[in-house]
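1. predicted model and sequence below, questions to follow.
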Amino acid sequence: MHRLGSEKVMAQIHTLGVVPVFGGNVGDGVTLGKGSTYTSVIDNWIGLNRRGKKLLPNSGQPIVVKPGSVNNKISGNITCCN
C-alpha cells in the first residue's frame, strides 16, 4: 500500500530497471488524493509490463487526481489499457 497525500493508495509498484511500472492493480494505477501537494508522477509506465511490450492493465483509470490535490506535477507517463 502506498500513500500519496492523505488517502491510501492501493498500488502495485514495480521498479524493475529504470522505469517504474504501475500495473496489475485492482483499481486505479496512481491516485493523488485529497491533501496531496508537491507530488511528482513522472516517466512511469502505467498498464504495461517492465519492457513496455505486454499489457499489465489496472482495472481503473491510469492516473486520478482528486479534488483537494494541488501543486502536483504529472509528466512523461506512458499509459495503456487501463
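-> Great, that's in hand. Numbers count the residues shown, from 1 in each chain.

2. quick one: contacts of stretch 56-74?
-> The contact list for stretch 56-74, computed with C-beta atoms under 8 Å, 6 or more residues apart in numbering, reads 5, 7, 21-42, 46-49, 77, 79-82. The C-beta positions use only the backbone N, C-alpha and C, and glycine is treated the same way.

3. rerun that using 7 Å as the cut-off
-> Here stretch 56-74 makes contact (C-beta atoms under 7 Å, 6 or more residues apart in numbering) with 5, 21-42, 46-49, 77, 79, 81-82.

4. mind giving me the PyMOL select for the residues you listed, buried ones only?
-> To isolate the buried members of those in PyMOL, using 16 or more other C-beta atoms under 10 Å:
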select buried, resi 5+21+22+23+24+25+28+29+30+31+32+33+36+39+41+46+47+48+77+79+82
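
5. narrow the contacts of stretch 56-74 to those in strands?
-> V21, F22, V30, T31, L32, S40, V41, I42, I46, T79 (DSSP state E).

6. who's the residue nearest the centre of the chain bridged to?
-> With distances taken as C-alpha atoms, centre = their mean, the residue of the chain nearest its centroid is V30 (2.7 Å). Per DSSP bridges, the residues bridged to V30 are I63.

7. any buried residues in stretch 51-60, and which?
-> Those buried within stretch 51-60 under the rule 16+ other C-beta under 10 Å are L56, P57, N58, G60.

8. quick one: that stretch to chain centroid distance?
-> Stretch 51-60 sits 12 Å away from the centroid of its parent chain (C-alpha atoms, centre = their mean, to the nearest Å).

9. and it, end to end?
-> End-to-end span of stretch 51-60 (C-alpha to C-alpha, to the nearest Å): 21 Å.

10. repeat that for stretch 36-46.
-> 20 Å.

11. give the rounded mean pLDDT of that stretch.
-> In this model, stretch 36-46 has a mean pLDDT of 89.

12. now what about it, what contacts it?
-> 4-5, 19-23, 29-30, 32, 52, 62-63, 69-79, 82.

13. thank you kindly, that will do.
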